[in-house]
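> Got a sequence here, can you build the structure:
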Amino acid sequence: MEEFKTNWSREELKAYILLYCANANFIETKEEKEFIKSKVGEEKYRKVHKEFDKDNDYQRIQKIQSTVERFNYSKHEIDRLFMNIKKMFLTDGSIDILEENIYRGLQHLLK
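Sure, this is the predicted structure:
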């Protein structure tokens, strides 16, 4: 079985998760991009986006799960992460069904 270990920082993980969520409905809006950049900076956004674009959905989920486990996120850190995810989803005014499904899936996976 292939290992999906990363050497990301916490900020890079945040960028990757937010990118994953921004692409839930296959449209990464300008507002979503700007939100992610405001959380992690332009450089990390670009670096992580290159890797994100190369990965398929399965690889993305495995990397997220593996890296969250490596950092041993506390309940408070997970809650803060989900608060940022929800804020990003709302940058365009509403959460669509695909975004809601990604949100629920990540909750199941990470909480």
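> gap between Tyr45 and His76?
For Tyr45, the distance to His76 equals 25 Å [C-beta to C-beta, to the nearest Å]. Yep, even glycine has a C-beta here, placed from its N, CA and C like the rest.
> higher neighbour count, these two?
Applying other C-beta atoms under 10 Å to Tyr45 and His76 shows that Tyr45 carries more neighbours, namely 21 against 8.
> buried residues in stretch 38-50?
Buried residues in stretch 38-50, defined by neighbour count with 16 or more other C-beta atoms under 10 Å: Lys39, Val40, Lys44, Tyr45, Val48, His49.
> which residues in the chain form helices?
Here the chain has its helices, by DSSP state H, at 10-22, 30-40, 42-54, 57-71, 75-89, 97-110.
> Which one of the ones you listed lies nearest to Phe4?
With C-beta to C-beta, the closest approach to Phe4 among the helices of the chain belongs to helix 57-71: 3.7 Å.
> coming back round to it: of the helices of the chain, give the one that comes closest to Glu3.
With C-beta to C-beta, the closest approach to Glu3 among the helices of the chain belongs to helix 57-71: 7.8 Å.
> which residues are in contact with the closest one?
With contacts defined as C-beta atoms under 8 Å, 6 or more residues apart in numbering, helix 57-71 is touched by 3-6, 8, 10, 13, 16-17, 20, 52, 55, 77-78, 106, 109-110.
> what about the chain, any weak spots by pLDDT?
Residue ranges of the chain with pLDDT under 70: 1-2.
> For PyMOL, write a command that selects the buried ones of the contacts of helix 57-71.
Filtering those down to the buried ones (16+ other C-beta under 10 Å) takes a single PyMOL command:
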select buried, resi 4+8+13+16+17+20+52+106
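> which ones are touching the spatially most central residue of the chain?
Centroid-nearest residue in the chain, with C-alpha atoms, centre = their mean: Ile17, separated by 1.0 Å. Residues in contact with Ile17 (C-beta under 8 Å, 6+ apart) are Ile64, Leu81, Ile85, Leu106.
> What is the distance between stretch 52-59 and the centre of its chain?
Distance of stretch 52-59 from the chain centroid (C-alpha atoms, centre = their mean, to the nearest Å) equals 12 Å.
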